[in-house]
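>>> Below is the sequence, then the predicted model.
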Amino acid sequence: MTGVPALRHLRPALLVAGLAVVATSAALAFVLVVQHSSHVAPAVVARALGAADPSSSLDRRYAPKTSGAITATGVRVATRKGRVSMQLAGEKAHAWTRHANGADRPTSFGRESIVFEPRGVEELLTVSRAQGKRTLSRPSGSVTPFIR
């Protein structure tokens with residue numbers, strides 16, 4: 001495990017990819033798409049995912065030796081220098097439904113969608129019904145990123 005100082009020595013592609021995944025994860029953990037009476041958020045997600053396509057690949061190449069992948073438990077971005085992975089804690093891993101631009105699956109609170117964008121991977125969490133008062137948390141020590 002390598003600490004934060006080692007990140008300065010990684011290639012920019014890995015750093016950008018890793019930080020994009022971490023930033024998206026952090027932002028989405030606090031800003032969940034809540035569906036009340038409006039269907040705007042799910043339509044936006046459906047548009048980003050594209051048409052359902054059972055033969056669509058769950059892997060994308062962005063540059064030589066830089067890729068994004070939807071795994072059984074979440075999403076991974078990798079370069080030749082290392083990889084960054086993330087998954088929803090405490091969620092049962094349901095099967096993915098493949099789409100032209102990513103995949104989605106049910107969760108206990110709504111849906112998890114992972115979209116392959118032209119320059120990276122984005123995770124979207126859709127909350128389908130009120131969840132009551134909740135406290136979002138992260139595992140102890142998760143503030144320090146590392147590369148394996």
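Looks like it arrived, so ask away.

>>> can we go C-alpha only for contacts and neighbour counts from here?
Noted.

>>> I'd like to know how many residues surround residue 88.
Using other CA atoms under 10 Å, residue 88 has 15 neighbouring residues.

>>> Can you name the residues that contact it?
The contact partners of residue 88, by CA atoms under 8 Å, 6 or more residues apart in numbering, come to 73-74.

>>> got any ranges where this structure has weak pLDDT?
Residues of the chain meeting the criterion pLDDT under 70: 1-41, 135-148.

>>> which residues in it form helices?
Along the chain, counting by DSSP state H, helices occupy 12-30, 40-49.

>>> residues of the last one that come out buried?
It refers to helix 40-49. For helix 40-49, the neighbour count (16 or more other CA atoms under 10 Å) marks 42, 45-46, 48-49 as buried.

>>> can you check stretch 93-101 too?
96, 98-101.

>>> need the residues you listed in CSV with distance to residue 64, can you?
CSV is the format used below for the buried residues of stretch 93-101 (distance: CA to CA, whole Å):
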residue, distance to residue 64
96, 27
98, 24
99, 24
100, 22
101, 20
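
>>> From these, which land in strands?
Taking DSSP state E, the ones among the buried residues of stretch 93-101 that sit in strands are 98-99.

>>> Tell me the one among the buried residues of stretch 93-101 nearest to residue 125.
Distances from residue 125 to the buried residues of stretch 93-101, taken as CA to CA, are shortest for residue 96 (13.9 Å).

>>> Contacts only, for the closest one.
72, 103-105.

>>> for the protein, what spans make up the strands?
33-34, 59-63, 66-70, 74-79, 82-87, 97-99, 102-106, 110-117, 120-127.

>>> Could I get those in CSV, plus columns for distance to residue 134?
As requested, the strands of the chain are arranged in CSV below (distance: least, CA to CA, whole Å):
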stretch, distance to residue 134
strand 33-34, 14
strand 59-63, 34
strand 66-70, 27
strand 74-79, 22
strand 82-87, 19
strand 97-99, 28
strand 102-106, 19
strand 110-117, 15
strand 120-127, 13
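
>>> Now flag whichever of the buried residues of helix 40-49 is closest to residue 130.
Ranked by distance to residue 130 (CA to CA), those are led by residue 42 at 15.4 Å.
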